[in-house]
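1. Return a 3D structure for these sequence lines:
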Amino acid sequence: MIPSLIGALVMGTIIGFGGRAVLPGAQHIGLGKTIGLGVVANLIVSALTTGAGFFFSVIIGSAVAAALLWIAVRQGWLGSDSGKSAVA
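-> Modelled structure (predicted):
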């Protein structure tokens with residue numbers, strides 16, 4: 001059980017940073033939120049693609065993480081300079 005949790009955290013870190021790298025603009029979120037974003041994206045990808053290879057999972061996971069991050073920034077759930085609009 002512990003190795004599975006450690007593996008999920010490592011994979012979540014990789015996917016979270018990949019998602020932040022894919023999304024343009026600055027995302028001012030901390031390491032914890034980045035890892036959490038990656039873990040959630042990893043759970044979604046692993047539910048959809050069982051038996052996929054490591055690199056495929058990282059690529060698809062990074063795309064899912066970028067999409068989740070974009071949605072979170074647009075909804076105002078996470079702070080970011082790229083998500084602010086000029087609405088008065």
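2. Could you give the number of residues near Gly19?
-> Neighbour count of Gly19, defined by other Cβ atoms under 10 Å: 24. Just so you know, the C-beta spots here come from the backbone N, C-alpha and C atoms, and that holds for glycine as well.
3. tell me which element it falls in.
-> Using DSSP states H and E, Gly19 falls within helix 2-22.
4. For that helix, which residues meet the burial criterion?
-> Residues 8, 11-20 are the ones in helix 2-22 that count as buried (16 or more other Cβ atoms under 10 Å).
5. Equivalent analysis for stretch 23-34, please.
-> Neighbour counts using 16+ other Cβ under 10 Å place 23, 27, 29, 33-34 of stretch 23-34 among the buried residues.
6. try stretch 64-73
-> For stretch 64-73, a neighbour-count test (16+ other Cβ under 10 Å) marks 64-66, 68-70, 72-73 as buried.
7. Spatially central residue for the protein, please.
-> By Cα atoms, centre = their mean, the chain has its centre lying nearest to Ala65, at 2.9 Å.
8. ok, the closest residue to that residue other than its chain neighbours - contacts?
-> In this structure, Ala65 finds its nearest non-sequential neighbour in Gly19, 2.5 Å apart by Cβ to Cβ, 6 or more residues apart in numbering. Applying Cβ atoms under 8 Å, 6 or more residues apart in numbering, we find Gly19 in contact with 37-38, 41, 61-69.
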